[in-house]
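Participant: Return atomic coordinates for the entry below.
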Amino acid sequence: CIRADRPADYETAWRRVSRECRLLTASLLWARNRRLLAPNIVPAAARLPGVYGHIVNRLS
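Facilitator: Numbering: from 1, shown residues only. Predicted structure coming up:
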């Protein structure tokens, strides 16, 4: 947006490209704050390493 001299479009573009990261992060934080879910996050990641790895890779 800056190179294209469209600084007003930056916010919309940032929201579009960061949507997945923000959703995954918010979902993990939501689960972490649930009494019944929080203790199961690490065991679930251990049982489903492919799913966990995919999420981590998408966040990086």
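
Participant: contacting residues for Gly50?
Facilitator: If you count contacts by CB atoms under 8 Å, 6 or more residues apart in numbering, Gly50 has none. No exception for glycine: its C-beta is placed from N, CA and C like everyone else's.

Participant: So in the chain, which helix runs the longest?
Facilitator: Assignment by DSSP state H gives helix 10-32 as the longest helix of the chain.

Participant: next one: that one to chain centre, how far?
Facilitator: Between the centre of helix 10-32 and the centre of its chain there are 5 Å (CA atoms, centre = their mean, to the nearest Å).

Participant: Run through the neighbouring helices and strands of that helix.
Facilitator: In terms of contacts (3 or more CB pairs under 8 Å, 6 or more residues apart in numbering; DSSP states H and E), helix 10-32 is packed against helix 41-47, helix 49-59.

Participant: Let me see the contact set for the residue sitting nearest the centre point of the chain.
Facilitator: Taking CA atoms, centre = their mean, the centroid of the chain lies closest to Leu24, which sits 2.6 Å from it. Leu24 makes contacts with 55, 58-59, as judged by CB under 8 Å, 6+ apart.
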